[in-house]
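Undergrad: Need coordinates for the below:
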Amino acid sequence: MKTLLTSQHFYDRLIVGAVVKNPLDYTVGAVRQYGAIMNPTPVNDLYTFYTIAKEASLMQMDLMFPPNVAGWSAYHQQPTFHQNWINTVTIHQRNNFIERLFSEGIESVNGDNVRTRVDPVILATTISDG
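TA: Modelled structure (predicted):
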């Protein structure tokens with residue numbers, strides 16, 4: 001912990017004040033950023049949405065069911081705001097989501113064995129050397 005807190009990266013101006021993404025931004029952003037392969041039919045697109053929403057609910061953001069009329073606490077609880085998205089449960093779920101996205105894939109909620117997953121070979125071709 002001492003090494004982390006005394007490192008230059010910890011105090012880097014580009015990192016200080018960074019905002020923690022909410023679970024929906026995190027899941028959708030990861031699927032887009034890593035170019036996850038999905039079944040491109042309209043029905044499966046709907047199931048992919050429900051699948052991503054299910055993953056966000058595992059990270060304590062149940063899309064259609066906010067905890068109260070004020071919404072999720074990360075948007076109105078001072079002074080932590082966005083930092084409320086990270087706790088002992090959600091950090092584990094975030095890691096699991098990325099791990100499953102790269103390994104076996106995220107199974108569709110309709111149970112048809114259609115999986116949203118990242119092809120590492122395709123992802124590697126999009127990364128530049130410079």
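Undergrad: and the residue nearest to M59 when sequence neighbours are not counted, how many neighbours does it have?
TA: Distances taken as C-beta to C-beta, 6 or more residues apart in numbering place P23 nearest to M59, at 3.6 Å, with adjacent residues excluded. Just so you know, the C-beta spots here come from the backbone N, C-alpha and C atoms, and that holds for glycine as well. Residue neighbour count, defined by other C-beta atoms under 10 Å, stands at 26 for P23.
Undergrad: Ok, H76 next?
TA: The burial count for H76: 11, using other C-beta under 10 Å.
Undergrad: ok, so what distance separates it from P66?
TA: H76 sits 11 Å away from P66, going by C-beta to C-beta, to the nearest Å.
Undergrad: related to what we said a few turns ago, wouldn't the residue nearest to M59 be in contact with K54 here?
TA: No - between P23 and K54 there is no contact, the gap being 10.7 Å when judged by C-beta atoms under 8 Å.
Undergrad: Contact partners for the residue nearest to M59?
TA: Neighbouring residues of P23 by C-beta atoms under 8 Å, 6 or more residues apart in numbering: E55, A56, S57, L58, M59, Q60, M61, W85, T90, R94.
Undergrad: now with 10 Å?
TA: Counting by C-beta atoms under 10 Å, 6 or more residues apart in numbering, P23 touches 52-53, 55-63, 72, 74, 85, 90, 93-94, 97.
Undergrad: Just the pLDDT for it.
TA: On the pLDDT scale, P23 is placed at 92.
Undergrad: I'd like to know how far I91 sits from N84.
TA: I91 sits 12 Å away from N84, going by C-beta to C-beta.
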